[in-house]
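Colleague: Quick one: sequence plus predicted model below, questions after.
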Amino acid sequence: DILPYSEIQNGYTRYGGNIPENIIRLGELTHTQLAQNQKNKVGNMEFIFTKDITVILNSAPSSNKNFVAFDGSAVYSPVAYIPSIIGIFLSDLLNLTVKDSLNLTRMMNLVFFVIITYFAIKIAPKSVKFLIAAIALIPMAIHQSSTISADGMALSLSLFVISGSLALAMNYKRNILTIT
């Protein structure tokens, strides 16, 4: 029920999933509010939680679901969405409200980011450990890793691959120097 699938719409294959109606409505209301802020030249930080938005945030996800296409999500590997899937799955198990589901999903993304980044720092050569940690602690990196997107996983996995590659390269160089 959570996992994406494909559906033919207007002769095109679209990938997406069944999303509860009140979460779709929340997206529409939020988009409308942000568009209104832009039209009135008001900053998005002055987001007004209307009565409709507050009611949806404090309600359980609707059992009525509609297909929503995930256009643009094919840019990242499905692996990058594992923390979000786990967060949504746990939310369903715990029967959380929409607001709590969103917060749990964001928390899962941040937890995965921290764990993978920890191992990236752990395997990195001593000379670059500080650099890897500094990149991970950039405020934008922390912000992106605590949102419901694949960006946090992409960054943490990139740091892990870079750390691993540097560790292998430096170890390889060290072994060559001792042989000759």
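Modeller: That came through fine.

Colleague: Every contact and neighbour count from this point should use C-alpha atoms.
Modeller: Noted.

Colleague: distance between whatever helix or strand residue 117 lives in and the chain's centre?
Modeller: Using DSSP states H and E, residue 117 sits within helix 98-123. Put simply, helix 98-123 sits 9 Å off its chain's centre (CA atoms, centre = their mean, to the nearest Å).

Colleague: What are the buried residues along it?
Modeller: 98-114, 116-121, 123 (16 or more other CA atoms under 10 Å).

Colleague: Which other helices and strands does that helix contact?
Modeller: Applying 3 or more CA pairs under 8 Å, 6 or more residues apart in numbering; DSSP states H and E, one finds that helix 98-123 contacts helix 51-57, helix 82-94, helix 126-136, helix 139-145, helix 151-179.

Colleague: Show me what the fourth one is packed against.
Modeller: Counting contacts by 3+ CA pairs under 8 Å, 6+ apart, helix 139-145 packs against helix 98-123, helix 151-179.

Colleague: for this structure, what helix or strand is lowest in average pLDDT?
Modeller: Lowest by mean pLDDT, DSSP states H and E among the helices and strands of the chain is strand 5-9, with a mean of 74.

Colleague: outside of that one, which residues touch it?
Modeller: 13, 14, 15, 16, 17 (CA atoms under 8 Å, 6 or more residues apart in numbering).

Colleague: How far off centre is it?
Modeller: Using CA atoms, centre = their mean, the offset of strand 5-9 from its chain centre is 23 Å.

Colleague: What are the buried residues along that strand?
Modeller: For strand 5-9, using 16+ other CA under 10 Å, the buried residues are residue 7.

Colleague: Which SSE is immediately downstream of it?
Modeller: Counting by DSSP H and E, the next helix or strand C-terminal to strand 5-9 is strand 12-20.

Colleague: can you pull the contacts of the residue nearest to residue 149 when sequence neighbours are not counted?
Modeller: Residue nearest to residue 149 in three dimensions, not counting chain neighbours: residue 81, with 7.2 Å by CA to CA, 6 or more residues apart in numbering. By CA under 8 Å, 6+ apart, residue 81 lies in contact with 149, 150, 153.

Colleague: measure the residue most central in space within the chain to residue 131 for me?
Modeller: By CA atoms, centre = their mean, the chain has its centre lying nearest to residue 149, at 2.5 Å. Note on residue 149: its distance to residue 131, by CA to CA, to the nearest Å, is 24 Å.

Colleague: ok, now residue 104?
Modeller: Separation of residue 104 from residue 131 (CA to CA): 30 Å.
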